[in-house]
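1. Sequence below, structure please.
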Amino acid sequence: METSVDTSKPPKLARRRENRHSTIKSGRTIGEKRERLETKNERNAARKKDKQKKVLRVFFTVFGFVVLVVILVGLSSLFFNHEADVAPEESTENSNPTIEIVDEDSTSGSQITTRMNTYIARAEKDFRDLGYTPTKAIIPSGSIREVDLRLDGYTGFIKMTIDRGSAVSAEDADRMIRYLSGMGVSDFSYIDVRIDGKAYWK
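-> Sure thing, here's the model as predicted:
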């Protein structure tokens, strides 16, 4: 069955007012809207990442600065402690000890070196400053660096070496004496403070 189409009348165009209610926007697509949203989200994500990078950069900069300061302070304290631990020979070059000095390798004191003599004078002063009264310094047989210092009121002696500062050695001995006193130990054979940061007693 054939149907005929009337071509005598032109097609009726939609009114502009009716086009306004159309759900499809002229010249735009759904994909374009989604693309614009994705681009905006990407920009926001990029800004957020940049902000995080800046925060991390500032954090690591501050952290690195703090670490550098700590290292420099540690090195400087180590350097100055080492300088303090080395016995300065110039400060008491002309000082002489007032206590008796016994060199077990010699019947006279002629073999006592100037450095040893100066060290004993300095050690005597350091112990007096801490409230002790040194009575005798003994240089053991076969030793050229060790000094055994006797203190009034104590049966034992303090083993020292001229390679360490007399002041730090006296402070270590004082700490050990007070430690032993706190433990109820009043008599000891000796206290050895020849090693930096350590003290031994017997």
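
2. By mean pLDDT, flag the weakest helix or strand of the protein.
-> Least confident helix or strand of the chain, by mean pLDDT, DSSP states H and E, is helix 16-20 with a mean of 54.

3. Strands of the protein, start to end?
-> Counting by DSSP state E, one finds strands in the chain at the ranges 100-103, 134-139, 146-151, 157-161, 190-192, 200-201.

4. List the buried residues of the fifth one.
-> Applying a neighbour-count criterion of 16 or more other CB atoms under 10 Å, one finds Ile191, Asp192 buried in strand 190-192. The way it works is simple: take the backbone N, C-alpha and C, and place the C-beta from them, glycine included.

5. which residues touch that strand?
-> Asp148, Gly156, Phe157, Ile158, Lys159, Ala173, Met176, Ile177, Ala199, Tyr200, Trp201, Lys202 (CB atoms under 8 Å, 6 or more residues apart in numbering).

6. Mind listing the residues bridging to the first one?
-> The reference is to Asp148. As for beta bridges, Asp148 partners with Ile138, Lys159 under DSSP bridges.

7. which residues touch the residue nearest to Asp126 when sequence neighbours are not counted?
-> Excluding its sequence neighbours, the residue lying closest to Asp126 (CB to CB, 6 or more residues apart in numbering) is Ala170, at 3.9 Å. Ala170 makes contact with Ala123, Asp126, Phe127, Asp129, Leu130 under the criterion CB under 8 Å, 6+ apart.

8. Can I get the strands of the chain in JSON lines including mean pLDDT?
-> As requested, those are exported to JSON lines (pLDDT from 0 to 100):
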{"stretch": "strand 100-103", "mean pLDDT": "88"}
{"stretch": "strand 134-139", "mean pLDDT": "93"}
{"stretch": "strand 146-151", "mean pLDDT": "94"}
{"stretch": "strand 157-161", "mean pLDDT": "93"}
{"stretch": "strand 190-192", "mean pLDDT": "92"}
{"stretch": "strand 200-201", "mean pLDDT": "84"}
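
9. Please compute how far the lengthiest helix in the chain lies from its chain's middle.
-> Longest helix in the chain, counting residues (DSSP state H): helix 30-85. Offset of helix 30-85 from its chain centre (CA atoms, centre = their mean, to the nearest Å): 22 Å.
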